[in-house]
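Enquirer: Sequence and predicted structure, then a few things I'm wondering about:
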Amino acid sequence: QVQVVESGGGLVQAGGSLRLSCVASGSGYSINDMGWHRQAPGMQRELVGSITNAGSTYYSDSAKGRFTVSRDNAINTIYLQMNSLKPDDTAVYYCNAAYETYSDGSMYFGDSWGQGTQVTVSS
């Protein structure tokens, strides 16, 4: 099984910055796409940004120009640099990691979620 752990959340004033980190680990697994999602109270979870293991990125409209997803494949870690934060960015931020593994002659695919890290932006 792949374990996913996020860190770096906290309280920041509007206009400030935060950097989140996410580590995926699991012996015998290859990590593929990883992404950041967020869920505000009473809202559905939404994708913020994602990155392939080749470094291609995708951003939601709300994240474009303010957030940057980067990746260090050597340590299966992705980062979310968040700048110009707004109160609307307040949410629990979750990391997702897609993975594959080979066993008994077959490939298996799946994904794991972290527990989330709280980001609160005060006005």
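Expert: Now that the structure is in, tell me what you want to look at.
Enquirer: Every contact and neighbour count from this point should use C-alpha atoms.
Expert: Will do.
Enquirer: same for the longest strand seen in the chain, what does it pack against?
Expert: Selection of the longest strand in the chain by residue count, based on DSSP state E, yields strand 91-103. Here strand 91-103 touches strand 3-7, strand 30-39, strand 106-113, strand 117-122, going by 3 or more Cα pairs under 8 Å, 6 or more residues apart in numbering; DSSP states H and E.
Enquirer: Just the CA trace of stretch 90-102, in CSV.
Expert: The C-alpha trace of stretch 90-102 is given here as CSV (Å, rounded to 0.1, in the frame of the first residue of the first chain):
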residue,chain,number,x,y,z
THR,A,90,-9.3,28.4,3.2
ALA,A,91,-9.8,24.6,3.1
VAL,A,92,-8.3,21.3,4.0
TYR,A,93,-5.7,20.5,1.3
TYR,A,94,-5.4,16.8,0.3
CYS,A,95,-2.7,15.1,-1.7
ASN,A,96,-3.4,12.2,-4.0
ALA,A,97,-0.9,9.8,-5.5
ALA,A,98,-1.6,7.4,-8.3
TYR,A,99,0.5,4.3,-8.3
GLU,A,100,1.2,1.0,-10.1
THR,A,101,2.7,-2.3,-9.0
TYR,A,102,3.5,-5.5,-10.7
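Enquirer: Give me the buried positions along it.
Expert: For stretch 90-102, burial by neighbour count (16 or more other Cα atoms under 10 Å) applies to 90-101.
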